[in-house]
Structure formats: structure tokens, C-alpha cells
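Visitor: Here's my sequence, what's the structure:
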Amino acid sequence: MAKKKIRIRAKLKGDVAEVKALMSHPMETGLRKNKKTGKKIPAHFIKEVICEHKGNKVLVANWSVAVSKNPYLSFKFKGAAKGDMVKISWSDNKGSTASAEAKIG
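Guide: So this is what the prediction gives:
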């Protein structure tokens, strides 16, 4: 079974939804060298992260090489209810994408 690329937890606290996500990605800067060959490892990083709730974007983040490997993202937004779905998706500089959904608890 393939490893999940995004793990999400979402909880409602009062009228605010708190979303936490862990994304599996190497996040290479393009500046690091391979220890055996001495050649630079090509840049490979998440460029854009989007979170949607009921078809509306509640978060859009534009990232670059300055984000660590397997990034963790946490944010809050208003207007959610228990049982609603939250979707997080990302795209990277090599054209790969991933997305996942979670029910707000």
C-alpha cells in the first residue's frame, strides 16, 4: 500500500475549525549536493497548497524551497460545521499533485 501523501485532522472548537495537515514530500532546495557524486540534487518542492471548504478556498499558500521536508501546516477558519468536509491539495515544481479530504469532527 502506498504511503499517504497528506494526512489531515480537522476539529471544530466553538465556531472555528482547526485544521492540521502533514504532507509527505522531499522538499529539495536544489542547493544540496549528493555526497557520493558531488552533483547538485535537483530542486523538488511544493509550490502551492490549497484548502477548500464547501467549494470555497479558505487557504492558498505559495511555497518555495525554504520549507522543510515533510511540511506540517496548521490553520483555523470560521464558517464550518461538524461533519463538513475539508480538502487540502498541493502541486509541486515537477508537476506532481496530491490531495486528501477529512471530515470536521
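Visitor: list the contacts for the most centrally placed residue in the chain?
Guide: Nearest to the geometric centre of the chain sits Met23, at 4.9 Å (C-alpha atoms, centre = their mean). Counting by C-beta atoms under 8 Å, 6 or more residues apart in numbering, Met23 touches Lys5, Ile6, Ile46, Val49, Asn70, Pro71, Tyr72, Leu73, Trp90, Ala98. To be clear about C-beta, it is placed using only N, CA and C from the backbone, and glycine gets the same treatment.
Visitor: what is it paired to in the beta sheet?
Guide: For Met23, the beta-bridge partners under DSSP bridges are Ile6.
Visitor: again with Val49
Guide: Where Val49 sits in a bridge, its partners, by DSSP bridges, are Ala61, Trp90.
Visitor: Quick check, it in contact with Ser64.
Guide: No. Val49 is beyond contact range of Ser64, at 11.9 Å (criterion: C-beta atoms under 8 Å).
Visitor: Which one's more surrounded, the two?
Guide: Val49 (21 against 12; other C-beta atoms under 10 Å).
Visitor: Pull out the buried positions in stretch 78-86.
Guide: Ala80, Val86 (16 or more other C-beta atoms under 10 Å).
Visitor: neighbouring contacts of it?
Guide: For stretch 78-86, with C-beta under 8 Å, 6+ apart as the criterion, the contacting residues are 8, 10, 12, 15-17, 19, 51-54, 58, 101-105.
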